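A.B. asks: Okay, structure incoming, though there's no sequence with it:
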């Protein structure tokens, strides 16, 4: 049952409180993570083997699996599962392969030519969560754009199962991505290993991937500690569904529950244009929830979530833009007219037949998206996340004549004589 | 006089040490910055007025200047200076305006349509350093892409002069950018004000701009403390010049000194293909340095810098890629053949007549660039830095038939039944 607020009567402070996300209150996690980072930094592989024993309950002989082992594991899954992973791979590849485009050079003045060229980030690290939730889809979502970008080295870390192996689904995705090694390291120690490098694990330039609060904290810590960068800050997953009179309450409830089953801290927000819709969705939630295997988590998440009653779609979108959801579903009939007013969101699902789970797995869009309001300033992961755009320029003799005195005047007014000299000496 | 190392005889560890940048060793700065952030957060405008008194030695009546005051100040600068700022504005605008492009939709399967749309970051904060170094060029480098992106609110902070005003050059840039207010706040307190908002200063979504070590530390602190993001981590400025036999030693020396005059911690690295070039550049440095107003700073920076002797351009580029310089100048005759091998750099200047100072001010490229090796994973500021790319998708009835079972299989193998339901319920 979703608590309901009426948008028209909400004060600014109440809206601020509704759109606020949980932030990690605990310093205890930071201390644990700092300890793990320090240990990995100083004792390398040995620390990783010790943590595998401690956290994953497995005595590892080797910190990685190679092509043969991956091949064998990939054969253990059903053909229809292989086929589903292949289709997801193809769709993700098809969508992401349009994201890299050559840019033309611009002659800003005669003889002054400027342009950008794309370069892959050479070494990237992908963290794939394991343990209770096995997420082969995340490997596709990170590995495909890394491959399209042309990254030279793709380091994949995932926690080992108790038998020292990895999941067959993850193995099959490795094969699709032509990645022939996976490191059996999980948690904050995996992030530390990729940030500093160990005897077995290469240091990378940028680390990607979701994870539990230890992984997340480790990523933000190495971001401020080293010059290794990260994809984005991460928080609990969230969806905001906007429903009008044409919405099917059963679909809306199913979408809210798909978000809610991720964990008790997931947020599933409904913004509806009438109280009748909210009531009908609550009825559908009560019907669907008891049948779910993860009903306990999902039920808690729904309790922590809420509904907002809006006068119309304009108001609904205003609230959504303030909230800046990771996922936004527009369960309305005339969504075409409204997309332009969507300002802050990670990924948007349009119409009655576009569930978020399509984008989570297989439609082609990326599922690594900004949470916790970061959609105000961050994009989701794309090929852009795996490349740099380097600017180049060339100035000819004619160009130097055109631009020279402007540079000299500006350098002088900033009091930087040597900057001016670098032009003057070339003009003489 | 540059210390010289021979690339051929360098061990990996020595290269690692050469490419390492200074990192801030001081915890004292962190404590001071934490204190300032806390004070601004709790007492708002009053803290800003107090800090202006303390750090900028000025008693402010108002925390900002409006259009009339900006107009008046803009008239105080010479017409040729106005003209130079206009040309810089136009070139920067011309180059950056090509960076936003509509992307076409992709039909990944029949009836499954995915695309990205660009949305401006609504509220951005630009920090423009003041005090000893006045940098109107930085205002253009940040303001132009913010305007092209379509950001709704552009908050500009810059420390006040002792008379409570701002510099006329900055005022003129504000007019070019059609920004009609500037906040008279500098240092870490400006970053805190834009991150949390005060009575006068709006909270923003992302903060841009260079600054001293307090500003830099404040940016990295608010990045981990709030969901306000920042353009990039910042360190001392740096250049790497690659020179072959065709290079003019006087030009090379001028370029190294243009970098060196920024501060004693700037790095100016020369990579040359013969000892003769290094010797000739050292002679030219000795000639040019004494004439500089900032010779003391520049001299110290040169002492902290070095030269590397490479066998050929291939080796020179290998070292440069390891170093990942903010600025790379290729003072060689046949640069066309070599650009493809440049992997890690912020901005690249090609040939004998393309000094870095052209790009610092007026050629059109951005001068806000990744330092300290961040060029391995970061791009410089561009219009991309001021927008998000939001993914959209629409699935038709036909599309749901095509993609439905794939999503169901993948949701099931990840153990997420509610994800599967969101599809199944729509198929039935």
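C.D. replies: Happy to help now that I have it. Predicted model only: the values in this text are computed from it and were never measured.
A.B. asks: sec struct for residue A:117, please.
C.D. replies: Using DSSP: H, G, I helix; E, B strand; the rest coil as the criterion, the local structure at residue A:117 reads strand.
A.B. asks: Does residue A:333 belong to a helix, a strand or coil?
C.D. replies: Under the three-state scheme (three-state DSSP), residue A:333 adopts coil.
A.B. asks: no no, residue A:389
C.D. replies: Of the three states, residue A:389 takes strand under three-state DSSP.
A.B. asks: could you list every residue that touches it?
C.D. replies: Counting by CB atoms under 8 Å, 6 or more residues apart in numbering or on different chains, residue A:389 makes contact with A:116-119, B:379-380, B:382, B:384. Quick note: C-beta positions are derived from backbone N, CA and C, even for glycine.
A.B. asks: Relative to residue A:257, which of those is nearest.
C.D. replies: Distance to residue A:257 across those (CB to CB) is lowest for residue B:384, with 36.1 Å.
A.B. asks: I figured that closest one was touching residue B:98, is that so?
C.D. replies: No: Residue B:384 is beyond contact range of residue B:98, at 11.9 Å (criterion: CB atoms under 8 Å).
A.B. asks: Between the two, which is the more surrounded one?
C.D. replies: Neighbour tally, residue B:384 and residue B:98, criterion other CB atoms under 10 Å in any protein chain shown: the higher count belongs to residue B:384, 20 against 17.
A.B. asks: Residue A:371 reaches residue A:240, doesn't it?
C.D. replies: No: here residue A:371 does not reach residue A:240: they are 11.7 Å apart, not a contact under CB under 8 Å.
A.B. asks: What score does residue A:135 have for pLDDT?
C.D. replies: Residue A:135 is assigned a predicted lDDT (pLDDT) of 84.
A.B. asks: contacting residues around it?
C.D. replies: Contacts of residue A:135 (CB under 8 Å, 6+ apart): A:128-129, A:210, B:414.
A.B. asks: Per the annotation, how does chain A divide into domains?
C.D. replies: Under the assignment automatic domain parsing, the domains of chain A span A:3-22+A:239-364, A:28-105+A:125-235, A:396-427.
A.B. asks: where does the stretch 51-200 of chain A come near chain B, residue by residue?
C.D. replies: Counting by CB under 8 Å from any CB of the partner chain, the residues of the stretch 51-200 of chain A close to chain B are A:77, A:80-81, A:84-85, A:87-88, A:90-91, A:94-95, A:98-99, A:101, A:103-104, A:106, A:108-109, A:112, A:114, A:116-117, A:119-122, A:133-137, A:169.
A.B. asks: hmm, I was thinking of the stretch 201-350 of chain A
C.D. replies: Contact residues, the stretch 201-350 of chain A versus chain B (CB under 8 Å from any CB): A:205-206, A:220, A:223-224, A:227-229, A:233, A:250-251, A:254-255, A:257-258, A:260-262, A:288, A:292-294, A:298, A:335, A:339, A:342-350.
A.B. asks: Show me which of those residues are buried.
C.D. replies: Buried members of these, counted by 16 or more other CB atoms under 10 Å in any protein chain shown: A:205-206, A:220, A:223, A:227-229, A:233, A:250-251, A:254-255, A:257-258, A:260-262, A:288, A:292, A:294, A:298, A:335, A:342-350.
A.B. asks: So which of those residues sit within strands?
C.D. replies: Among those, DSSP state E puts A:206, A:229, A:347-350 in strands.
A.B. asks: So what's the residue count around residue A:75?
C.D. replies: 12.
A.B. asks: Next one, pLDDT for the nearest residue to it once chain neighbours are set aside please.
C.D. replies: Excluding the flanking residues, the one nearest residue A:75 by CB to CB, 6 or more residues apart in numbering or on different chains is residue A:168, at 7.8 Å. Predicted confidence (pLDDT) for residue A:168: 95.
A.B. asks: Can you give me the neighbour number for residue A:168?
C.D. replies: Neighbour count of residue A:168, defined by other CB under 10 Å: 21.
A.B. asks: Please apply the same query to residue A:283.
C.D. replies: Count around residue A:283 with other CB under 10 Å applied: 14.
A.B. asks: Which positions within whichever strand or helix holds it qualify as buried?
C.D. replies: Take DSSP states H and E as the rule and residue A:283 turns out to sit in helix A:275-288. Buried positions in helix A:275-288, judged by neighbour count with 16+ other CB under 10 Å: A:277-278, A:280-282, A:284-285, A:288.
A.B. asks: next one: it to chain centre, how far?
C.D. replies: Chain-centre distance of helix A:275-288: 31 Å, with CA atoms, centre = their mean, to the nearest Å.
A.B. asks: go on, stretch A:147-167?
C.D. replies: Chain-centre distance of stretch A:147-167: 17 Å, with CA atoms, centre = their mean.
A.B. asks: Quote the end-to-end distance of it.
C.D. replies: Start and end residues of stretch A:147-167 are separated by 22 Å (CA to CA, to the nearest Å).
A.B. asks: ok, now which ones touch the spatially most central residue of chain A?
C.D. replies: Closest to where the C-alpha atoms of chain A average out (CA atoms, centre = their mean) is residue A:368, at 2.6 Å. Contact analysis of residue A:368 by CB under 8 Å, 6+ apart lists A:138, A:141-142, A:208-210, A:231-232, A:380-381.
A.B. asks: ok, now with 10 Å
C.D. replies: Contacts for residue A:368 were tallied using CB atoms under 10 Å, 6 or more residues apart in numbering or on different chains; they are A:138, A:141-142, A:145, A:208-210, A:231-232, A:234, A:326, A:346-347, A:380-382, A:385.
A.B. asks: quick one: contacts for the residue nearest to residue A:75?
C.D. replies: Going by CB under 10 Å, 6+ apart, the list of residues near residue A:168 reads A:70, A:72-78, A:81-82, A:134, A:136, B:413.
A.B. asks: if I look at it, how far off is residue A:71?
C.D. replies: Residue A:168 is 11 Å from residue A:71, where distance means CB to CB, to the nearest Å.
A.B. asks: go on, residue A:145?
C.D. replies: Look at residue A:145 and residue A:71: by CB to CB, they are 24 Å apart.
A.B. asks: In terms of neighbours, single out the busier of the two.
C.D. replies: A count of neighbours by other CB under 10 Å puts residue A:145 above the other of residue A:145 and residue A:71, at 28 against 15.
A.B. asks: Just give me how far the helix or strand containing the more buried one sits from the chain centre.
C.D. replies: Assigned by DSSP H and E, residue A:145 belongs to helix A:136-149. Offset of helix A:136-149 from its chain centre (CA atoms, centre = their mean): 11 Å.
A.B. asks: Just give me the closest of the buried residues of helix A:275-288 to chain B.
C.D. replies: Closest to chain B out of these is residue A:288 (6.9 Å), distances taken as CB to the nearest CB.
A.B. asks: What does the pLDDT read for residue A:26?
C.D. replies: The score at residue A:26 is 61. That number is its pLDDT.
A.B. asks: same question, residue A:428
C.D. replies: Per-residue pLDDT puts residue A:428 at 77.
A.B. asks: buried set for stretch A:288-306?
C.D. replies: Those would be A:288-289, A:292, A:294-295, A:297-299, A:301-302, A:304-306, for stretch A:288-306 by 16+ other CB under 10 Å.
A.B. asks: Then stretch A:138-152?
C.D. replies: Residues of stretch A:138-152 classed as buried by neighbour count (16+ other CB under 10 Å): A:138-149, A:151.
A.B. asks: circling back to that earlier point, just the closest of the buried residues of helix A:275-288 to residue A:173, please.
C.D. replies: Minimum distance to residue A:173 across the buried residues of helix A:275-288 is 30.0 Å, recorded for residue A:288 (CB to CB).
A.B. asks: Give me the pLDDT value at the closest one.
C.D. replies: Confidence score, pLDDT, at residue A:288: 98.
A.B. asks: so who does the nearest residue to it once chain neighbours are set aside touch?
C.D. replies: Closest residue in space to residue A:288, ignoring its immediate chain neighbours: residue A:253 at 5.4 Å, by CB to CB, 6+ apart. With contacts defined as CB under 10 Å, 6+ apart, residue A:253 is in contact with A:2, A:241, A:260, A:268, A:270, A:280-289, A:302, B:418, B:421-422, B:425.
A.B. asks: Stretch A:362-382 spans what distance, first to last residue?
C.D. replies: End-to-end distance for stretch A:362-382: 15 Å, by CA to CA.
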